[in-house]
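Undergrad: quick one, fold the following:
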Amino acid sequence: MVTRLLLQTAVWLAAMGVLLFGAAGTLAWPAGWWYLIETGVLSLWIGLWLARHDPGLLAERLAPIVQAQQSRWDRVFMVSVSLVWCAWLVLMGVDAVRLHWSPPVPVGLVSLGSLCIVVCLVMCRAVFRANSYAAPVVKIQASRGHKVIDSGPYAYVRHPMYAAALFLFVGTPLLLGSWWGLACVPVMVLGIGWRAVREERLLNAELDGYPDYTSRVKYRFVPLIW
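TA: Here you go, the predicted structure:
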């Protein structure tokens with residue numbers, strides 16, 4: 001399992017590197033290198049922790065993004081998200097380095113972007129600690145005894161993983177120095193908001209106790225907002 005984790009992480013980082021530096025047209029981009037190092041180290045930290053504490057969840061996290069158990073709409077969503085993510089990285093490389101469409105991002109905001117990525121990954125670890133069923137695809141994991149989780153971050157919002165993603169969405173373009181990348185964030189938030197609503201319909205229909213959970217935990221992403 002650890003070998004698979006290392007291999008998939010290396011492939012993922014290499015693919016992002018090709019997109020970012022290919023779009024930038026140069027390897028002389030410190031922010032791009034720091035982004036890959038930061039996300040790579042933090043992802044391995046979480047993955048190795050899962051390998052020790054919850055190998056079943058790690059297997060789910062390493063599984064393909066398109067699976068037979070998924071609803072058709074989620075298969076389409078996951079493929080679309082992958083394409084949008086790649087296009088987003090290319091846009092930021094072109095914007096921040098190759099064509100300089102954006103004015104420079106202040107150093108303080110670049111540092112804030114890096115911090116947001118750390119916050120995202122720390123929040124994800126808290127999610128994985130609380131929820132052994134936090135698969136990347138929407139499905140009922142009956143073979144693993146899927147049940148409602150209402151502890152940890154799930155006591156405050158129904159989708160803490162998506163809440164963590166908000167920090168990644170904001171932090172990535174700030175760190176990479178792309179205002180155009182930041183301008184895309186509202187569309188991405190709308191996308192995961194749409195998925196959260198569709199996911200809840202499935203869980204309400206097929207997961208025992210989920211309707212009661214949604215009646216107790218009112219907010220999806222951010223307490224007192226939504």
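
Undergrad: Arg158 contacts Val217, doesn't it?
TA: Yes. Arg158 is within contact range of Val217, at 5.3 Å (criterion: CB atoms under 8 Å). C-beta coordinates here come from the backbone N, C-alpha and C atoms, glycine included.

Undergrad: which pLDDT value goes with the most centrally placed residue in the chain?
TA: The C-alpha lying nearest the average C-alpha coordinate of the chain belongs to Ala165 (CA atoms, centre = their mean; 4.8 Å). Note for Ala165: predicted pLDDT of 97.

Undergrad: then Ser143?
TA: Here, the pLDDT recorded for Ser143 equals 87.

Undergrad: swap in Arg201?
TA: According to the prediction, Arg201 has pLDDT 95.

Undergrad: give me the more crowded residue out of Arg158 and Val217.
TA: Between Arg158 and Val217, counted using other CB atoms under 10 Å, Arg158 has the larger neighbour count: 22 against 16.

Undergrad: buried ones in stretch 48-61?
TA: Leu50, Ala51, Asp54, Leu57, Leu58, Ala59, Glu60, Arg61 (16 or more other CB atoms under 10 Å).

Undergrad: how near is Trp73 to Ser82?
TA: According to CB to CB, to the nearest Å, Trp73 and Ser82 sit 15 Å apart.

Undergrad: all helices of the protein, in order?
TA: With helices called from DSSP state H, the chain shows them at 2-24, 30-53, 55-62, 72-93, 107-130, 160-176, 179-183, 185-206, 210-216.

Undergrad: can you get me a residue count around the residue nearest to Ser178 when sequence neighbours are not counted?
TA: Among residues not flanking Ser178 along the chain, Met92 sits closest, at 3.9 Å (CB to CB, 6 or more residues apart in numbering). Using other CB under 10 Å, Met92 has 29 other residues around it.

Undergrad: do the one 3 residues further on as well
TA: Counted with other CB under 10 Å, the burial measure for Asp95 works out to 23 neighbours.

Undergrad: my guess is it meets Trp180, correct?
TA: Yes. Counting by CB under 8 Å, Trp180 is a contact partner of Asp95 at 4.4 Å.

Undergrad: and Ile225, how far from Met78?
TA: Ile225 is 26 Å from Met78, by CB to CB.

Undergrad: pick out whichever of these two has more residues nearby.
TA: Higher neighbour count among Ile225 and Met78: Met78, with 19 against 8, using other CB under 10 Å.

Undergrad: residues touching that one, list them.
TA: Ile65, Val66, Gln70, Pro136, Val137 (CB atoms under 8 Å, 6 or more residues apart in numbering).

Undergrad: drop anything exposed from the residues you listed.
TA: Buried subset of the contacts of Met78 (neighbour count, 16+ other CB under 10 Å): Gln70, Pro136, Val137.

Undergrad: how about the first one: what's its closest non-neighbour residue?
TA: With CB to CB, 6+ apart as the criterion, Gln70 has its nearest non-adjacent residue at 5.0 Å, and that residue is Val137.

Undergrad: so the one you found sits against Arg61, correct?
TA: No. Between Val137 and Arg61 there is no contact under CB under 8 Å: 10.1 Å.

Undergrad: roughly how far apart are the residue of the chain positioned farthest from its centre and Gly32?
TA: Here the centre of the chain is the reference, and by CA atoms, centre = their mean the most remote residue is Leu99, at 27.6 Å. The gap separating Leu99 from Gly32 is 15 Å, by CB to CB.
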